[in-house]
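Participant: Please find the sequence and the predicted model below.
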2 protein chains.
Amino acid sequence: MPRSPRSARPGTTTIHDVALRAGVSVATVSRVLNGKAVVREETERQVLEAAKALRYVPNVAARSLSSRRSQTIGVVLPDVHGEFFSEVIRGVDLAARAKGYHILVSGSHSDLGEMLDVLETMHGRVDGLVVMAPEVEIAALHLSLPPGLPLVLLNSIDPERDAITIDNYGGAQAMVRHLAELGHERIAFIKGPRQNADARERLRGYRDAMGEEGRPTSPALELEGDFTEDSGSAAAEHLLLAKPRPTAIFAANDSMAVGALAALAAAGVSVPGEMSVAGFDDIPIARYVTPPLTTIRVDIADLGRRAFGLLFDAIEQPLAPAPRRDCIKTTLVARGSCRSPHPSKKTRPRPDRELRGRRKGEES
Amino acid sequence: MPRSPRSARPGTTTIHDVALRAGVSVATVSRVLNGKAVVREETERQVLEAAKALRYVPNVAARSLSSRRSQTIGVVLPDVHGEFFSEVIRGVDLAARAKGYHILVSGSHSDLGEMLDVLETMHGRVDGLVVMAPEVEIAALHLSLPPGLPLVLLNSIDPERDAITIDNYGGAQAMVRHLAELGHERIAFIKGPRQNADARERLRGYRDAMGEEGRPTSPALELEGDFTEDSGSAAAEHLLLAKPRPTAIFAANDSMAVGALAALAAAGVSVPGEMSVAGFDDIPIARYVTPPLTTIRVDIADLGRRAFGLLFDAIEQPLAPAPRRDCIKTTLVARGSCRSPHPSKKTRPRPDRELRGRRKGEES
DNA sequence: ATTGCCAATGTAAGCGGTTACATGGGCATG
DNA sequence: CATGCCCATGTAACCGCTTACATTGGCAAT
């Protein structure tokens, strides 16, 4: 079996072996394999044949050492779990693989220091980064980030950097309009954490749409919340005491809406009979609570997919000046938790088509 | 600013720069940084100081080229989503990071060819692999896998390879015992896909425990299923026609149990009044369905964690002969969907503590 | 026939580390 | 004081690939 003296270690075929077998130089092999220069057709054929016969796989480390490219991007996420996490990864992964990139993942970062460590060790290992970080820490992040490295921010904007965002504003507006259309006048809103950009945008969308629809807004209708179920419950309990009592509650995320549902059930308030409830995100359980939750769906995989798209552009064409932007549109999903507040014009609750979708069970 | 002539490109500090600044040779710097040899304390101090001052970060490609180690492992999963996916990654990630390893992720593989491609391109890029593949494809996988590469199988066993498994057998037994203890005689079982190892083990656990508890088993009590909600519904509908009708349904996974719940609700059969229902996996929605589902919890993050543990051992100490094994234990989580079939000895359904846990809402 | 040019290919210098081997100084021993 | 040994360190050869530059041969123009 032909094997160059250089690669004595068995099991490793190098570019030299291929060159030897094809009767050409390593340079030619490299050229053929990378398509970076003109090679006679006959030569190319021989090289490809030799490579295939030898089951040659280029050594990535060597390639990346000399070319200064790793064909890998890093994805760094904070402490988010479940559906969101997996969908982001899936989106990025699919898009990346299509372009021949690999992804280096690091999740579950609860504090900044840890995140910076990871970023540090990823340096040199990746050609670009997709990062999701709490707003407050963006500044600190910049300082310790390699200056030339393409970076796409998820979920938090920075005027200087490329970023991809969710149309929180439009989604919130759509929900308010939906509720207004159903006939609701007093629509309460449960806010998210003040420092969360998504939460702020959703609040803004709520306020603007309320104004546009000629609905009254007031501090009494805006409850504090922190995206947890408990805060949603607490807010709902407060609202039950308000007079006049609102007829609809719009929570800035599904978890709080679920909390609100629980509180209302505990208080014996019927949903959607006496009170409509809406959320935001369309988390998986949204369709399983009672009644199924009307909410705003965000296509998270698409978020990942586009994040990679932006990053890819930035890597391939680093010169483009203005920060790149992309925005994920949202969809309103009407389920059973909202209906008209006027018993007379009661809307017939149509069975939710999606409730019994054929989702594959997660294998154990 | 000191910069060796070799590294003309700005922004990149090499080991030479550090050596120069510390007044030693590159070999010494390397030795200090890797702790692979004895170095005078004074020298070590100077090197570390220089490295820190220069913000030196070793070039991974170079290191991996000469050392033939990438400090990276690959995680290749099929088309699984959501909680399961994210938890596996989280477990592996946390364990890997603790040992200084990175993880290269690739998910959403629906067909074997795609999976093999990924495995191919990961070759040389990773020191080991955590792979989850459908049973049937394991063989094909072996053929095209680099022979020396440490590999840990998730979720499917192969006598030759290291693998980590879930205690499906024990979990199923525990559930049957639980139901038997509540007083159920006729306990039906909804099976999973025949080619799925988890499903087979759960079935085995069900049968053995039924025997041990002196409960009758019969083909009529074992329904076909494929892990989807729909198959769970269909099975439940079948069971309602059986005579005598069973008093409990144990589904091989939660999705089918959820489907069964829906079918029972549609048929006006009260759960757990007339029929108890149990699942397996404890997927997130299990606690949100009505009534909350009694099920078997599997600590998926632990699965990932231990998978890395096994892999790490295999990488560090490749000589160990026997295939390494590890098994994840399960926990029974009693919620509202099961209770005694005898109205007389009705067990008081205690409120499920976990129903209103303070789970952080997934951000946006 | 000589010259010039171009396309196709070869040669070899890196890329930035690791590490086998060489070197040199200090100290105990004969 | 010469000898030998060992510890700490330096020198330089790789690791496998990319690529700037050199080389070659063929053909058109002179």
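Facilitator: All right, it came through fine. Residues are numbered from 1 along each chain as shown, chains lettered A, B, ... in the order given.
Participant: hey, where'd the helices end up in chain A?
Facilitator: A:15-22, A:26-34, A:41-53, A:60-67, A:82-98, A:112-122, A:138-143, A:168-182, A:197-212, A:229-241, A:254-266, A:300-316 (DSSP state H).
Participant: Quick check: which of those is buried the most?
Facilitator: Counting by mean count of other CB atoms under 10 Å in any protein chain shown, helix A:254-266 has the highest mean neighbour count of those, with a mean of 25. C-betas here are computed from N, CA, C, even on glycine.
Participant: In CSV, could you pull the C-alpha coordinates for that helix?
Facilitator: Output in CSV follows, covering the C-alpha atoms of helix A:254-266 (Å, rounded to 0.1, in the frame of the first residue of the first chain):
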residue,chain,number,x,y,z
ASP,A,254,-46.5,32.7,28.2
SER,A,255,-45.1,31.6,31.6
MET,A,256,-46.8,34.6,33.3
ALA,A,257,-50.0,33.9,31.3
VAL,A,258,-49.9,30.3,32.6
GLY,A,259,-49.5,31.7,36.1
ALA,A,260,-52.4,34.0,35.6
LEU,A,261,-54.5,31.1,34.4
ALA,A,262,-53.7,29.2,37.6
ALA,A,263,-54.6,32.1,39.8
LEU,A,264,-57.9,32.7,38.0
ALA,A,265,-58.8,29.1,38.2
ALA,A,266,-58.0,29.2,41.9
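Participant: what's the helix or strand of chain A with the lowest mean pLDDT packed up against?
Facilitator: The element with the least model confidence among the helices and strands of chain A, by mean pLDDT, DSSP states H and E, is helix A:138-143, at a mean of 75. In this structure, helix A:138-143 makes packing contacts with helix A:112-122, judged by 3 or more CB pairs under 8 Å, 6 or more residues apart in numbering or on different chains; DSSP states H and E.
Participant: which bits of the stretch 51-200 of chain A sit near DNA strand C?
Facilitator: A:62, A:65, A:66 (CB under 7 Å from any atom of the strand).
Participant: Low-confidence regions, chain A specifically.
Facilitator: Of all residues in chain A, those with pLDDT under 70 make up the ranges A:1-11, A:81, A:135-136, A:343-364.
Participant: one more time with 80
Facilitator: A:1-12, A:79-83, A:108, A:110, A:134-148, A:155-159, A:318-322, A:342-364 (pLDDT under 80).
Participant: So what sits opposite residue A:277 in the bridge?
Facilitator: residue A:249 (DSSP bridges).
Participant: contacting residues around it?
Facilitator: Residues counted as contacts of residue A:277 (CB atoms under 8 Å, 6 or more residues apart in numbering or on different chains) are A:248, A:249, A:251, A:257, A:260, A:261, A:264, A:271, A:293, A:294, A:337, A:338.
Participant: how does it look with 7 Å?
Facilitator: Residue A:277 is in contact with A:249, A:257, A:260, A:261, A:271, A:293, A:337, A:338, counting by CB atoms under 7 Å, 6 or more residues apart in numbering or on different chains.
Participant: I'd like those residues written out as JSON lines, with distance to residue A:31 added.
Facilitator: Supplementary listing: those in JSON lines, determined by distance: CB to CB, whole Å:
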{"residue": "A:249", "distance to residue A:31": "65"}
{"residue": "A:257", "distance to residue A:31": "59"}
{"residue": "A:260", "distance to residue A:31": "64"}
{"residue": "A:261", "distance to residue A:31": "64"}
{"residue": "A:271", "distance to residue A:31": "68"}
{"residue": "A:293", "distance to residue A:31": "58"}
{"residue": "A:337", "distance to residue A:31": "63"}
{"residue": "A:338", "distance to residue A:31": "63"}
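Participant: I'd like to know which of these is nearest to residue A:286.
Facilitator: Compare each of these with residue A:286 using CB to CB and the shortest gap goes to residue A:293, at 4.2 Å.
Participant: how much space between that closest one and residue A:82?
Facilitator: Residue A:293 is 16 Å from residue A:82, where distance means CB to CB, to the nearest Å.
Participant: what do you get for residue A:117?
Facilitator: Remark: distance between residue A:117 and residue A:82 (CB to CB) = 24 Å.
Participant: Repeat that for residue A:95.
Facilitator: For residue A:95, the distance to residue A:82 under the criterion CB to CB works out to 21 Å.
Participant: same question, residue A:325
Facilitator: Residue A:325 sits 27 Å away from residue A:82 when distances are taken as CB to CB.
Participant: just how off-centre is stretch A:92-109 within its chain?
Facilitator: Remark: stretch A:92-109 is offset 12 Å from the chain centroid, using CA atoms, centre = their mean, to the nearest Å.
Participant: hmm, that stretch in reach of DNA strand D?
Facilitator: No: interface with DNA strand D: stretch A:92-109 contributes nothing (CB under 7 Å from any atom of the strand), its closest point being 12.7 Å away.
Participant: Report whether that stretch contacts chain B.
Facilitator: Yes: using CB under 7 Å from any CB of the partner chain, stretch A:92-109 comes into contact with chain B via A:93, A:94, A:97, A:102, A:103, A:104, A:105, A:106, A:107, A:108.
Participant: wait, isn't residue A:56 in contact with residue A:20?
Facilitator: No: the pair residue A:56 and residue A:20 does not pass the contact test of CB atoms under 7 Å, sitting 11.5 Å apart.
Participant: thinking again about what came up before, run through the residues of the stretch 51-200 of chain A next to DNA strand C and flag the ones next to chain B.
Facilitator: The subset of these within reach of chain B, counting by CB under 7 Å from any CB, consists of A:62, A:65.
Participant: of the residues of the stretch 51-200 of chain A next to DNA strand C, closest to DNA strand C?
Facilitator: Distances from DNA strand C to these, taken as CB to the nearest atom of the strand, are shortest for residue A:66 (3.2 Å).
Participant: ok, the residues of the stretch 51-200 of chain A next to DNA strand C vs residue A:152, which is closest?
Facilitator: Using CB to CB, residue A:65 is the member of those that sits closest to residue A:152, with 25.5 Å.
Participant: how far away is the nearest residue to the closest one once chain neighbours are set aside from residue B:273?
Facilitator: Nearest non-adjacent residue to residue A:65, counting by CB to CB, 6 or more residues apart in numbering or on different chains: residue B:61, 4.0 Å away. Note on residue B:61: its distance to residue B:273, by CB to CB, is 65 Å.
Participant: likewise residue A:41?
Facilitator: From residue A:41 over to residue B:273 (counting by CB to CB), the distance is 78 Å.
Participant: what do you get for residue A:291?
Facilitator: Counting by CB to CB, the gap between residue A:291 and residue B:273 amounts to 21 Å.
Participant: Which one's more surrounded, those two?
Facilitator: Summary of the neighbour comparison: residue A:291 and residue B:273, criterion other CB atoms under 10 Å in any protein chain shown, with residue A:291 having more neighbours (19 against 12).
Participant: ok now do that one, which residues does it touch?
Facilitator: Residues near residue A:291 by CB under 7 Å, 6+ apart: A:271, A:272, A:335, A:336, A:337.
Participant: from these, which are also near DNA strand D?
Facilitator: Subset of the contacts of residue A:291 in contact with DNA strand D: empty, counting by CB under 7 Å from any atom of the strand.
Participant: Contacts only, for residue A:65.
Facilitator: Taking CB under 7 Å, 6+ apart as the criterion, residue A:65 is in contact with B:61, B:62, B:65.
Participant: Can you add distance to residue A:224 and give the residues you listed back as a markdown table?
Facilitator: Putting the contacts of residue A:65 into a markdown table (distance: CB to CB, whole Å) gives the following:
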| residue | distance to residue A:224 |
| --- | --- |
| B:61 | 50 |
| B:62 | 53 |
| B:65 | 55 |
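Participant: Could you let me know which of these ends up closest to DNA strand D?
Facilitator: The closest of the contacts of residue A:65, once distances to DNA strand D are taken by CB to the nearest atom of the strand, is residue B:65, at 4.0 Å.
Participant: Relative to DNA strand C, how far out is the closest residue to DNA strand D within the stretch 151-300 of chain A?
Facilitator: At 23.1 Å from DNA strand D, residue A:151 is the closest residue in the stretch 151-300 of chain A, using CB to the nearest atom of the strand. Using CB to the nearest atom of the strand, to the nearest Å, one gets 21 Å for the distance from residue A:151 to DNA strand C.
Participant: Many thanks, we can stop here.
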